[in-house]
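In: Prediction below, plus the sequence it came from.
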Amino acid sequence: MLRRCGMVMRSPITFGRLLSLVTMFIIATARFAYAETVAETSNFAVNANKIPVSAVTKFFLPIWTDGDATRTAHHELLHAVGFAAAYAKFIVHIDTNRNFRETSNADGAILAKLRPSNQGTHIDPGAGTINGHDQSKSVMGPTRVTGQRMDAQEKSVLNAAVDWSSKNINVVVTYKGTWDATQKKHVEDAVSSAKTLFGSNGTGQKFTWTVEMAESFVPSPLQNAASSKISDLAVQLDSGTGAQRVQAASAIISRGVSAVPELLAAGAQPMSGLSPRRIDVLYSILSGQREGRYRANSFGLHVETGTTIEEIVALGERHGFVLPKDQFVEASNSPCCYVMIREGRELWEVLTALLSREAKVTTVNLNYVEP
């Protein structure tokens, strides 16, 4: 166990110029993004059984408390404990039409209709009545509606995915920063409601919910505009030794975009969840196909058993990321930790380097964000 601790042009545009324009656009629209962003949850982690064990929610002031702050806390807690694209146990219930179904092979009764994946993991409020529930009344809709609270539809969805009602969920809140009693009350109401919803006395399966507040918000791009170098050779990516994994990844990357059809034929797909296969990560790097909303300045790291914090720090020094000082590191979790990209480095460049050069790295995952 280790601890410690996102026009038509007359001449071609260069990547540097494109990046500059994108940056200018982000800065110019930061105030609008801040006005629209009430809260967001990320840094999802699961245990060896793929049960959610922790997540981090940021509440943005002043907009969070300028409205139904309790509704927002309910919404974000449900994202944290399972209603998120990061969780494999959740996404296996979603069919090709974005219906969330009763069984893990995306079959059986439809329990909810979801919005498109690029809009976050939300119930579609315009889908009418599903399984006896008016979806416009769901607290998991994409926009804040005063008075909404977690209820029977959300219970049915999360029990199908994680079965919280049988686990006696124990939500442990970690407050970061300065909170007053009123602000804490919104969070405590959400925790209490979750215990009531799932019939828990709060002494069972532990879930750590870290909550913090931010005074300002400048969003990073959720999708990357450029690809790193990319690849082919998919045999030993997930089953070989560390050295063999690196050699296979390096060979695939050296093939470039021409490797995409062969990766597809080998069963590759866009990376998803918190423990993606290396072949899927390489396919996402190569093809540019990435699902869900994620941070461009952070990712989850998976390493071989026995890897030390000092070795993780050294990986970052070599490849352009840092392990935050307050980051909890747990070798048995997926991922073991989340790290931050250094200024001047690019997410997909760092991921490519790690998979093709570092034998101790088993895989990486995106740091998904649920607004």
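Out: It's in. Numbers count the residues shown, from 1 in each chain.
In: Pull the contacting residues for Ala48.
Out: Contacts for Ala48 (Cβ atoms under 8 Å, 6 or more residues apart in numbering) come out as 332, 334. C-beta coordinates here come from the backbone N, C-alpha and C atoms, glycine included.
In: Pro335 now?
Out: Counted by Cβ under 8 Å, 6+ apart, Pro335 has contacts 45, 274, 300-302, 364-365.
In: what's the pLDDT at Arg3?
Out: We note a pLDDT of 41 for Arg3 in this prediction.
In: let's number from 400 now, not from 1
Out: Happy to do that; since the first residue is 400 now, the last one works out to Arg402.
In: Could you list which residues are in contact with Thr704?
Out: Residues in contact with Thr704, defined by Cβ under 8 Å, 6+ apart, are Ala730.
In: secondary structure class for it?
Out: Using DSSP: H, G, I helix; E, B strand; the rest coil, the secondary structure recorded for Thr704 is coil.
In: And it, how close does it get to Ala559?
Out: Distance, Thr704 to Ala559, using Cβ to Cβ, to the nearest Å: 32 Å.
In: Tell me the one of the contacts of Pro734 nearest Leu510?
Out: Lowest distance from Leu510 to the contacts of Pro734 (Cβ to Cβ) belongs to Leu673, with 22.3 Å.
In: Next, count neighbours for the closest one.
Out: Using other Cβ atoms under 10 Å, Leu673 has 23 other residues around it.
In: hang on, it is in a helix, isn't it?
Out: No: counting by three-state DSSP, one finds Leu673 to be coil, located in no helix.
In: That one: what's it in contact with?
Out: Taking Cβ under 8 Å, 6+ apart as the test, what Leu673 contacts is 443-445, 449, 485-487, 699, 733-734, 764.
In: Show only the entries of the residues you listed found in helices.
Out: The helices, defined by DSSP state H, take in Ala487 from the contacts of Leu673.
In: Which members of the contacts of Leu673 occur in strands, if any?
Out: Among the contacts of Leu673, the members falling in strands (DSSP state E) are 443-445, 699, 764.
In: neighbour-wise, which of those residues leads?
Out: Going by other Cβ under 10 Å, Phe443 tops the ones in strands among the contacts of Leu673 with 30 neighbours.
In: returning to that earlier point: could I get the contacts of Pro734 as TSV with pLDDT?
Out: Below are these laid out as TSV (pLDDT from 0 to 100):
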residue	pLDDT
Ala444	97
Leu673	96
Gly699	97
Leu700	97
His701	96
Val763	97
Asn764	97
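In: with those in mind, which one is nearest to Arg689?
Out: Closest approach to Arg689 among those (Cβ to Cβ): Asn764, at 11.6 Å.
In: Roughly how far does the closest one sit from Met612?
Out: Counting by Cβ to Cβ, the gap from Asn764 to Met612 is 26 Å.
In: just the ones in strands among the contacts of Leu673 now: which is nearest Phe458?
Out: In terms of Cβ to Cβ, no member of the ones in strands among the contacts of Leu673 lies closer to Phe458 than Phe443, at 17.1 Å.
In: List of residues touching stretch 761-768?
Out: Here stretch 761-768 makes contact (Cβ under 8 Å, 6+ apart) with 405, 439-443, 483-485, 519, 621, 644, 670, 672-677, 680, 689, 691-694, 697-703, 733-734, 737, 750, 753-754.
In: Could you turn the buried ones of those residues into a PyMOL selection?
Out: Remark: buried members of the contacts of stretch 761-768, expressed as a PyMOL selection using 16 or more other Cβ atoms under 10 Å:
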select buried, resi 405+439+440+441+442+443+483+484+485+519+621+644+670+672+673+674+675+676+677+680+689+691+692+693+694+697+698+699+700+701+702+733+734+737+750+753+754
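In: can you give me the strands in the stretch 550-699 of the chain?
Out: Remark: strands assigned in the stretch 550-699 of the chain by DSSP state E, counting those that start in this stretch are 569-575, 605-613, 693-702.
In: Help me confirm that Thr502 comes into contact with His492.
Out: Yes: assessed by Cβ atoms under 8 Å, Thr502 is found in contact with His492 at 7.1 Å.
In: which of the two has more neighbours?
Out: Per other Cβ under 10 Å, whichever of Thr502 and His492 has more neighbours is His492, with 23 against 11.
In: per-residue confidence for the more buried one?
Out: Note on His492: pLDDT of 98.
In: give me every residue that touches it.
Out: Applying Cβ under 8 Å, 6+ apart, the residues near His492 are 499-503, 505, 510, 556, 559-560.
In: Kindly export stretch 685-697 (C-alpha atoms) in CSV.
Out: Extracted in CSV, the C-alpha atoms of stretch 685-697 (Å, rounded to 0.1, in the frame of the first residue of the first chain):
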residue,chain,number,x,y,z
LEU,A,685,-4.1,6.6,-33.2
SER,A,686,-7.6,7.2,-34.4
GLY,A,687,-8.4,10.3,-32.3
GLN,A,688,-11.6,8.6,-31.2
ARG,A,689,-12.2,9.4,-27.5
GLU,A,690,-15.4,9.0,-25.6
GLY,A,691,-16.8,11.0,-22.8
ARG,A,692,-15.7,14.3,-21.2
TYR,A,693,-12.3,14.4,-19.7
ARG,A,694,-9.5,16.7,-18.4
ALA,A,695,-6.7,17.5,-20.9
ASN,A,696,-4.3,18.2,-18.0
SER,A,697,-4.7,15.1,-15.9
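In: Alright, that wraps it up for me.
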